[in-house]
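1. no sequence on hand, only this structure:
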């Protein structure tokens, strides 16, 4: 059976978790607790020398990098093609976003999480304001370059691009920051992704909700 190594505190791991739940691909989860350093064990290093999650092991085949993993699983296990379309132009739209994602949505949303959750207080306001400005540019581009007037980032149905994007943009919620609060177009998109993925969405993000609630309780 497919072995999936993940920690739901990780944005790409949540995207993978949602895809697996929505498609029903048989798998076994191997939790790698990042906060306990389990990604740095010799056993895990043999799977991924970069010590990053997620990792999948499919028989003798080991695959790292979330983008590649999501696309491999959809293709290998004949999941509904809207996740990663077969038609060349539609597939290219997903590839276009995922190529852009790793230099834009991912680092810019993650930086807020690092500053407001991972680093000890007080928050460096100068770095925070710079990070917020960078994320604003990314959110503008998400609206005008990808989402435009269509319901999902790459067309009329949810795809792996939406999963990667939404999981990144949910990450600052752990610091009680909703980065889409003033973005009604992107809020509607997030709601559509949530509706399309059902219970899997909230199950994947439960760890973030818990961190947010814990933060609120301390204030």
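-> Thanks, I have it. Just so it is clear, the structure is predicted and the values come from calculations on it, not from any experiment.
2. please, where are all the strands along this protein?
-> All strands of the chain, identified by DSSP state E, fall at 2-6, 27-31, 55-58, 61-64.
3. can you redo those strands as TSV with distance to residue 159, mean neighbour count and mean pLDDT?
-> The C-beta positions use only the backbone N, C-alpha and C, and glycine is treated the same way. Output for those, formatted as TSV (distance: least, C-beta to C-beta, whole Å; neighbours: other C-beta atoms under 10 Å; pLDDT from 0 to 100):
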stretch	distance to residue 159	mean neighbour count	mean pLDDT
strand 2-6	20	21	98
strand 27-31	20	15	97
strand 55-58	19	20	98
strand 61-64	19	14	98
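4. so which of the ones you listed is nearest residue 177?
-> Closest of the strands of the chain to residue 177 is strand 2-6, at 23.8 Å (criterion: C-beta to C-beta).
5. ok, and what's touching that closest one?
-> Applying C-beta atoms under 8 Å, 6 or more residues apart in numbering, the contact partners of strand 2-6 are 13, 16-17, 20, 25-32, 44, 47, 53-58, 73.
6. parallel or antiparallel, list what pairs with that strand.
-> Applying DSSP bridges, strand 2-6 is found paired with strand 27-31 (parallel), strand 55-58 (antiparallel).
7. what's the closest of the ones you listed to residue 100?
-> Nearest to residue 100 among the strands paired with strand 2-6 is strand 55-58; the distance by C-beta to C-beta comes to 23.6 Å.
8. domains of this protein?
-> With domains defined by automatic domain parsing, the chain comprises 2-82, 83-218.
9. how far off centre is the first one?
-> Put plainly, it is domain 2-82. Offset of domain 2-82 from its chain centre (C-alpha atoms, centre = their mean, to the nearest Å): 12 Å.
10. what does the longest one give?
-> Its chain's C-alpha centre and that of domain 83-218 lie 7 Å apart, by C-alpha atoms, centre = their mean.
11. quick one: contacts for residue 8?
-> Residues counted as contacts of residue 8 (C-beta under 8 Å, 6+ apart) are 14, 17, 204, 205, 206, 207.
12. the fifth one and residue 135, how far apart?
-> Right, residue 206. 24 Å (C-beta to C-beta, to the nearest Å).
13. if I pick the closest residue to residue 18 other than its chain neighbours, what's in contact with it?
-> Nearest residue to residue 18 in three dimensions, chain neighbours excluded: residue 200, at 4.6 Å (C-beta to C-beta, 6 or more residues apart in numbering). With contacts defined as C-beta under 8 Å, 6+ apart, the neighbours of residue 200 are 17, 18, 21, 22.
14. can you give me the pLDDT of residue 89?
-> Residue 89 carries a pLDDT value of 97.
15. end to end, how far does stretch 2-22 reach?
-> End-to-end distance of stretch 2-22: 16 Å, with C-alpha to C-alpha, to the nearest Å as the criterion.
16. buried stuff in it?
-> Neighbour-count burial for stretch 2-22 flags 2, 4-22 (criterion: 16 or more other C-beta atoms under 10 Å).
17. same question for stretch 32-40.
-> Using 16+ other C-beta under 10 Å as the test for burial, stretch 32-40 gives 32, 34, 38, 39.
18. next one: stretch 123-133
-> Result for stretch 123-133 [16+ other C-beta under 10 Å]: buried residues 131, 132.
19. neighbouring contacts of that stretch?
-> For stretch 123-133, using C-beta under 8 Å, 6+ apart, the contacting residues are 108, 111, 112, 115, 116.
20. residue 172: neighbouring residues, count only.
-> Using other C-beta atoms under 10 Å, the number of residues around residue 172 comes to 26.
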